[in-house]
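In: Model the structure of this input:
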Amino acid sequence: MGKLGWYVARARMMGLGEIAWRIATAARGAGRALVSPARSVPAEPAESGRDLAFEGFRSAVGRPVVLDAARAAMIARELPDQVDEVVRSADAVLDGTFAFFGQDPVRFPDLIDWNVDPRTGRRWPHKPAARINHRTYGDPKWIWELNRLQHLPWLAQAWLFTGENRYADAALDQLDSWLDQNPTGRGIAWRGGFEAGLRAMSVAIAIQGLRHAPAMTAGRYRRIVTMLAESAEMCWTDRSRFSSANNHVLGELAGTAAVAILHPELPGARRWERNALAALEREADRQILPDGAGAEQSSSYLIFSAQLLLVPAALVRLRGDRPLPAIDAAVRRSAGFLAGLTAGGDPLPRYGDEDGGFALRLHPEPVATVGRHLALVDAAPDDLAARWLTVPTADSRPAPPAANAGDWYAPHGGVVVLRGPGRRITMDVGPLGYLSLAAHGHADALAVTVAAAGHDVVGDPGTGSYYAEPSWRRAFRGTRTHATVAVDDLDQSVSGGPFLWTRHARTTVRAVDLERGIVEAEHDGYRRLDDPVRHLRYLVAGPDRDWALVLDLLDGRGRHRFRTSWPLHPALDVDDRQDVQVVLRAGVPVLHVASTSTAPGRPYRVRGGADGLGWWSERFESRTPAWLIGTVVEDARCPVAIATVLSIPNDRMQKLEGLSIAWDRSGGAEVTWTNGSTQPVVRVDPSTPGAVSCDLLVRT
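Out: Numbering: from 1, shown residues only. Next comes the predicted model:
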């Protein structure tokens, strides 16, 4: 899609109010970029007033303290290994070495050029940020990550932990060079309030840790805080709204609040704090759903969004003020949702986009992880970030988040979790994504994942790319790569660009019976076709069963191509044994997969295919060949039923065989097979939601 086509598609997803707001924002941004603010901060004209403000900053009067020497000494004694990790990361920064998204590090020669991507050599233009089209010029993700300056808190901590001035000097020298090269409103670093907000949060916390460093002068303080004030004003004035108000508005509001709370000497601080915290409390209830799921339909962005809420709330608590109840409740319920997904050591099931990004990097883990996040929310005493952001009192540790265990259903987020002997199965019955863009959602309605013995077996293959590889972006968020059914190899939803869906497949949950392990849901994504198709999926996975039946009923008009997909983790191999595909880890069977259909079909498997199939993205902007298996039914007239049995073998001798299916529109469908010593018989009646029976016949 060309540039004009994208703008047309984007405008279609906006109302008149949003269009008017965007025109006004663009005009305001262009004007600000042409005449960069240069007001003195703080506002007192007299030198004595500015000196007083600097002394208030150094003595931390009227503000919370995150990074300080006394706490650093305690942390160094009690968490020496984590302290060593931070110092090693700070040493890498001194060497000019940076790593983002869990990728291999890149080293800058000598002085950092903040507008050059050292991986590609591409220089981003030094012009008003509003005039830089980051969608067509190149891949901005790496250069944005660098310019968030999230490594500065490492340098500040290293100085506090070691007392070596080289860390403080490096942090302040880098800030000097960044300010020289990136005047407010110019360059890719200022392309949007979201980047300014994340950067402001890290810089404000880092310089507080450096407030007593010999190199922190009044002149440096004024220059840095001027940039922070301009960032806060930009974040609030140009905050994301309407169809763009996803996690970006959280970053903008969190940055505004952090600057205001940590620098109350600024003229606008009181207004910024009041407005930003009130808006964050409203957004907390919008973006963290009542069941704890993230509105963006992404497990990774749920962690990110929760941390954007957590940091300002922690600053308020550290200041000794009343907690922010809406924000605290949202963070706690999201933690309960994540803890429920990963109970018993299960891996976090991926869905939607993920880039492993951070709201604030206090610990140098390469990508954000659910374990570190839950430790932070739980104020775990053995977690470095939690120690910095928690009120240092003996009774300050909150109660653990209420986690769901066993089988459970999140109706707002649309996730069903069914656990059984040695396995966890999930089914996605939620919406495509958040707001009209659904920017970070994937076309994966009704997708099923399987984890066994604490490892992913069938899962979401990941994100692949955002900007760098458009073809991989399309493939990894498309329907064919997910564990659901593609009709005519089309996506369930219609894409209008890499972060835009112009038509959303809508899911309807017909029945969820946790006690019997039954899920029944459908989506309307393929009803848009000239010959419409209805996709109704049943998942039957009783709590005492080592197998799951996935039954897909595809009803409608005309002839179509149907493809089921089961993306496997790259550590797994596949062996065809007659009618069963045996999935192995290190030569040991971990899953048996058998399929049959009411129309002629064929099993397929692909690994590292040229069309985007058979790949796994463990980390952002990375790809590894991985088996994708499934069934293809070619040019079949509706209705068609496809049954897939996923069996976790108890022993090497267990066999899955004799799978058969019969479907009569008026009488329902029946699926039967042999699984070891039993013969399951599952019957469904699509005319009645929840009408599912399962009999187990014992073989003699």
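
In: residue ranges with poor pLDDT in the stretch 551-700 of the chain?
Out: 651-654, 699-700 (pLDDT under 70).

In: any idea which element the residue lying closest to residue 404 once chain neighbours are set aside lies in?
Out: Closest residue to residue 404 apart from its sequence neighbours, by C-beta to C-beta, 6 or more residues apart in numbering: residue 340 at 3.3 Å. To be clear about C-beta, it is placed using only N, CA and C from the backbone, and glycine gets the same treatment. Here residue 340, judged by DSSP states H and E, is contained in helix 325-341.

In: Can you mark which positions in that helix are buried?
Out: 326-328, 330-341 (16 or more other C-beta atoms under 10 Å).

In: Output the contacting helices and strands for it.
Out: helix 269-287, helix 299-318, helix 370-377, strand 415-420 (3 or more C-beta pairs under 8 Å, 6 or more residues apart in numbering; DSSP states H and E).

In: The last one packs against which elements?
Out: In terms of contacts (3+ C-beta pairs under 8 Å, 6+ apart), strand 415-420 is packed against helix 325-341, strand 408-410, strand 423-428.

In: I'd like the ones you listed laid out as a markdown table, including mean pLDDT and distance to residue 622.
Out: Below are the helices and strands packed on strand 415-420 laid out as a markdown table (pLDDT from 0 to 100; distance: least, C-beta to C-beta, whole Å):
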| stretch | mean pLDDT | distance to residue 622 |
| --- | --- | --- |
| helix 325-341 | 97 | 23 |
| strand 408-410 | 98 | 29 |
| strand 423-428 | 97 | 23 |
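
In: picking up where we left off before, isn't the residue nearest to residue 404 right next to residue 415, touching?
Out: No: using C-beta atoms under 8 Å, residue 340 makes no contact with residue 415, being 9.2 Å away.

In: the domain parsing of this protein - what is it?
Out: According to automatic domain parsing, the chain comprises the domains 1-31, 36-389, 408-698.

In: rank those by mean pLDDT and give me the bottom one.
Out: Mean pLDDT is lowest for domain 1-31 among these, at a mean of 69.

In: Would you map the strands across the stretch 101-250 of the chain?
Out: For the stretch 101-250 of the chain, applying DSSP state E, counting those that start in this stretch gives strands covering 106-107, 116-117, 122-123.

In: and residue 146, which of the helices and strands packed on helix 325-341 is closest to it?
Out: helix 299-318 (17.9 Å; C-beta to C-beta).

In: how far off helix 370-377 does the closest one point, in degrees?
Out: 20 degrees (axes from the mean of the first three to the mean of the last three C-alpha atoms, to 10 degrees).

In: Can you tell me which helices and strands helix 299-318 packs against?
Out: Using 3+ C-beta pairs under 8 Å, 6+ apart, helix 299-318 is in contact with helix 247-262, helix 269-287, helix 325-341, helix 370-377, helix 384-389.

In: before we move on, back to that, C-alpha coordinates for the helix holding residue 340, CSV please?
Out: The C-alpha coordinates for helix 325-341 follow below in CSV (Å, rounded to 0.1, in the frame of the first residue of the first chain):
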residue,chain,number,x,y,z
PRO,A,325,-6.7,3.4,43.8
ALA,A,326,-7.8,3.0,40.1
ILE,A,327,-4.2,2.6,39.0
ASP,A,328,-3.2,0.3,41.8
ALA,A,329,-6.2,-1.9,41.2
ALA,A,330,-5.5,-2.1,37.5
VAL,A,331,-1.9,-3.1,38.0
ARG,A,332,-2.9,-5.7,40.5
ARG,A,333,-5.6,-7.3,38.4
SER,A,334,-3.3,-7.4,35.4
ALA,A,335,-0.7,-9.1,37.5
GLY,A,336,-3.3,-11.7,38.6
PHE,A,337,-4.2,-12.3,35.0
LEU,A,338,-0.5,-12.8,34.0
ALA,A,339,0.1,-15.0,37.1
GLY,A,340,-2.8,-17.2,36.2
LEU,A,341,-1.5,-17.7,32.7
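
In: Report the distance from it to the chain centre.
Out: 15 Å (C-alpha atoms, centre = their mean, to the nearest Å).

In: Ok, stretch 228-243 next?
Out: That offset, for stretch 228-243, works out to 22 Å (C-alpha atoms, centre = their mean).

In: what comes up buried for it?
Out: Going by neighbour count (16+ other C-beta under 10 Å), the buried part of stretch 228-243 is 228-236, 238-240, 242-243.

In: From residue 522, how far off is residue 226?
Out: Counting by C-beta to C-beta, to the nearest Å, the gap from residue 226 to residue 522 is 56 Å.

In: Of those two, which one has the most company?
Out: Using other C-beta atoms under 10 Å, the more surrounded residue of residue 226 and residue 522 is residue 522, with 23 against 19.

In: bridging residues for the nearest residue to the more buried one once chain neighbours are set aside?
Out: Leaving aside its sequence neighbours, residue 522 sits nearest to residue 536 (C-beta to C-beta, 6+ apart; 4.2 Å). Taking DSSP bridges as the rule, residue 536 bridges to residue 522, residue 553.

In: wait, what's in contact with residue 536?
Out: 510, 520-522, 552-555, 686 (C-beta atoms under 8 Å, 6 or more residues apart in numbering).

In: Of all pairs in those residues, which one is the farthest apart?
Out: 510 and 554 (15.5 Å).

In: So which of these two has more stuff around it?
Out: A side-by-side neighbour count of residue 510 and residue 554, using other C-beta under 10 Å, places residue 554 first with 25 against 17.

In: count of neighbours near the closest residue to that one other than its chain neighbours?
Out: Nearest residue to residue 554, sequence neighbours excluded (C-beta to C-beta, 6+ apart): residue 640, at 4.8 Å. Per other C-beta under 10 Å, the neighbour tally for residue 640 reads 23.

In: repeat for residue 159
Out: 28.

In: Settle this for me: it is touching residue 165, isn't it.
Out: Yes: assessed by C-beta under 8 Å, residue 159 is found in contact with residue 165 at 7.1 Å.

In: Spell out which residues are contacts of both of these two.
Out: Joint contacts of residue 159 and residue 165 (C-beta under 8 Å, 6+ apart) are residue 213.

In: quick revisit: any idea how far residue 138 is from the residue nearest to residue 522?
Out: Applying C-beta to C-beta to residue 536 and residue 138 gives a distance of 43 Å.
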